[in-house]
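Undergrad: Build me a model from this:
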Amino acid sequence: MGNGLRLEVPGDSLYAFAPRVVAAWLVAGTGAEIDAVEDARLAIDELVGAFVAAGRAVDVTFEEGDGVVTVEVVPPDQSLEVSLSPLAQRILAVVAAGCGPLPDGRKGYRLSLRAGAMS
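TA: Predicted coordinates for the structure are as follows:
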């Protein structure tokens with residue numbers, strides 16, 4: 001991803017709120033409806049939560065695009081792999097515009113959050 005906002009989140013649930021707040025702030029800043037903001041919060045909870053529950057730190061990068069906020073969640077230690085539970089996958093399928101493994105071979109996930117009209 002190009003220029004964006006990047007958070008380093010320790011593998012401790014105490015810090016898991018930070019990416020959720022940033023996602024909500026970015027999506028709300030696009031003029032999105034409150035449902036899209038709440039969906040963004042839930043999607044980030046599911047994705048980052050999978051890593052934090054396993055005690056894994058993650059780098060979370062946010063980038064605004066045309067009608068979406070793209071989020072990459074990548075563990076700094078690429079030797080570790082965290083998979084999403086079937087329930088998390090189903091939740092993400094409902095609340096996100098898209099979610100899947102990173103296309104470049106790195107371990108981690110790319111998430112697309114629905115946003116309002118970009119200025």
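
Undergrad: CA atoms for contacts and neighbours, from now on please.
TA: Fine.

Undergrad: give me the number of residues near Arg20?
TA: Neighbourhood size, Arg20 [other C-alpha atoms under 10 Å]: 20.

Undergrad: per-residue pLDDT, it?
TA: We have a pLDDT of 96 for Arg20.

Undergrad: What of the one 10 residues further on?
TA: For Thr30, the model assigns a pLDDT of 92.

Undergrad: Helix or strand: which one has it?
TA: Counting by DSSP states H and E, there is no helix or strand that carries Thr30.

Undergrad: And the nearest residue to it once chain neighbours are set aside, how close does it get to Ala24?
TA: Nearest non-adjacent residue to Thr30, counting by C-alpha to C-alpha, 6 or more residues apart in numbering: Gly116, 4.8 Å away. For Gly116, the distance to Ala24 equals 12 Å [C-alpha to C-alpha, to the nearest Å].

Undergrad: More neighbours: which of those two?
TA: Taking neighbours as other C-alpha under 10 Å, Gly116 and Ala24 compare with Ala24 leading, 22 against 18.

Undergrad: Would you agree the more buried one falls within a helix?
TA: Yes: the assignment for Ala24 by DSSP: H, G, I helix; E, B strand; the rest coil puts it in a helix.

Undergrad: nearest spatial neighbour of it, skipping sequence neighbours?
TA: Nearest residue to Ala24 in three dimensions, chain neighbours excluded: Val37, at 5.2 Å (C-alpha to C-alpha, 6+ apart).

Undergrad: which parts of the helix or strand harbouring Phe51 are buried?
TA: Phe51 belongs to helix 34-53 when assigned by DSSP H and E. By neighbour count on 16 or more other C-alpha atoms under 10 Å, the buried set for helix 34-53 is 36-52.

Undergrad: average model confidence for it?
TA: Rounded mean pLDDT across helix 34-53 is 95.

Undergrad: What is the subsequent helix or strand relative to it?
TA: Per DSSP H and E, the first helix or strand lying C-terminal to helix 34-53 is strand 58-64.
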